[in-house]
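Participant: Starting from these lines, generate the structure:
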Amino acid sequence: MSHTAHIPSHRKPRRSASKLALRAGVAGGVLSTIAVAGAAGPANAEPVTETIEMPTLGSLGTDLSSAVAASAEASQQEALDQSLEAQEAAALEKAAKEAKKAKAEADRKAEAERAEKARQEAEAKAERERAEAEARAEAQARASRDAARTQLSTTSASDSGSDSSSSSDSDSSSSSASESTQVASGSAAAIVAFAKAQVGDAYVSGGTGPNSWDCSGLVQAAYRAAGIDLPRISYDQSSMGTSVSLSNLQPGDILYWGSRSGSYHVAIYVGGGKYVGAQNPSTGVVERSLDWDTPSGAVRIL
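Facilitator: This next block holds a predicted model:
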């Protein structure tokens with residue numbers, strides 16, 4: 001088709017004059033019929049005293065617009081109410097979740113606090129029981145040492161029944177003089193130096209160093225510093241070497257408490273009437289005078 005061809009118009013065609021005349025005639029005929037019918041009514045008919053005002057198209061349009069506007073406003077209000085209800089429901093659900101979470105967190109903290117309190121109470125109870133047990137053990141050990149000293153004194157008195165008191169005093173004086181002038185040398189010096197270097201360390205049952213000891217662990221380590229291997233247990237250590245008198249001690253000698261083959265405590269004589277030993281958990285490793293806790297006997301390994 002050529003671009004210059006006629007393109008039909010989409011606009012609605014105008015009504016022709018004949019159609020307009022026809023419609024006007026029909027309308028006029030209807031109106032005439034109504035007028036004739038009115039004139040042909042009964043002669044005695046009552047005159048019309050009231051008229052009915054028919055709504056006009058304009059008033060109908062106004063009422064319809066008002067109804068539509070009212071309906072739209074009601075729909076909008078209903079949508080707004082539903083939105084508010086949804087927001088309130090969401091807020092309530094969120095608040096309930098947060099409250100549940102807060103309660104769970106509070107319960108967890110309370111449980112943790114109860115567990116921590118129970119742990120502290122258990123530790124405190126265990127510490128009290130340990131201290132009481134140590135005190136009982138120390139009391140028993142002292143009682144055993146006192147009994148051993150009494151037995152040793154009785155035995156020594158019976159063995160030296162013919163000795164006079166004057167010779168005993170003389171031996172004691174000479175022993176004290178020799179103790180004040182004793183100087184360790186060689187292996188004994190190494191043993192004494194090691195033992196003194198540990199003074200202040202903690203006492204731990206079964207401890208073998210380097211910062212905590214029990215009595216036989218300290219003695220074993222001190223002799224190892226001089227290149228000498230000793231057994232680990234106190235009664236094995238006191239069973240070695242040669243038995244020596246407490247009045248004839250030399251630095252490096254092993255002191256023991258109890259019987260020689262069944263001692264329950266050992267220490268190292270360091271000269272000057274003193275010894276170094278791992279005593280108990282309360283004191284740790286200390287240097288003490290022989291008079292503080294007199295040993296039952298002594299052995300010489302060197």
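
Participant: Tell me the buried residues in stretch 292-302?
Facilitator: 293-302 (16 or more other CB atoms under 10 Å). Quick note: C-beta positions are derived from backbone N, CA and C, even for glycine.

Participant: And for that stretch, what's in contact with it?
Facilitator: 142, 145, 148-149, 152, 186-188, 223, 228, 230, 237-246, 249-250, 252-260, 263, 267, 269, 275 (CB atoms under 8 Å, 6 or more residues apart in numbering).

Participant: try 6 Å this time
Facilitator: 148-149, 152, 187-188, 238, 241-244, 246, 249, 252-258, 260 (CB atoms under 6 Å, 6 or more residues apart in numbering).

Participant: again, but for stretch 226-245
Facilitator: Counting by CB under 6 Å, 6+ apart, 187, 190-191, 216, 219-220, 223, 254, 256, 260-263, 266, 298-301 sit against stretch 226-245.

Participant: Please apply the same query to stretch 260-268.
Facilitator: Contact partners of stretch 260-268, identified using CB under 6 Å, 6+ apart, comprise 195, 215-216, 219, 222, 234-235, 237-239, 254-258, 275-277, 297.

Participant: Mind checking which of those are buried?
Facilitator: 195, 215-216, 219, 222, 234-235, 237-239, 254-258, 275-277, 297.

Participant: Helices - which of those residues land there?
Facilitator: Cross-referencing the buried ones among the contacts of stretch 260-268 against helices under DSSP state H gives 195, 215-216, 219, 222, 234-235, 237-238.

Participant: Kindly export stretch 197-209 (C-alpha atoms) in CSV.
Facilitator: Backbone C-alpha positions of stretch 197-209 (Å, rounded to 0.1, in the frame of the first residue of the first chain) are rendered in CSV as follows:
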residue,chain,number,x,y,z
ALA,A,197,69.9,-23.0,98.1
GLN,A,198,66.4,-24.6,98.3
VAL,A,199,65.5,-23.0,101.6
GLY,A,200,62.2,-21.2,101.2
ASP,A,201,60.8,-23.6,98.5
ALA,A,202,57.4,-25.2,99.0
TYR,A,203,56.7,-28.6,100.6
VAL,A,204,54.7,-30.9,98.3
SER,A,205,54.2,-34.5,99.1
GLY,A,206,56.0,-36.5,96.4
GLY,A,207,57.9,-33.4,95.3
THR,A,208,61.3,-33.8,93.6
GLY,A,209,62.0,-30.2,92.6
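
Participant: Point out where the stretch 151-300 of the chain drops to low pLDDT.
Facilitator: 151-185 (pLDDT under 70).

Participant: Would you map the helices across the stretch 101-250 of the chain?
Facilitator: Along the stretch 101-250 of the chain, the segments classed as helices by DSSP state H, counting those that start in this stretch run 165-181, 186-197, 215-225, 234-238.

Participant: got a markdown table for the buried residues of stretch 292-302, with distance to Ala112 too?
Facilitator: A markdown table is the format used below for the buried residues of stretch 292-302 (distance: CB to CB, whole Å):
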| residue | distance to Ala112 |
| --- | --- |
| Asp293 | 48 |
| Thr294 | 54 |
| Pro295 | 52 |
| Ser296 | 54 |
| Gly297 | 57 |
| Ala298 | 57 |
| Val299 | 57 |
| Arg300 | 60 |
| Ile301 | 57 |
| Leu302 | 60 |
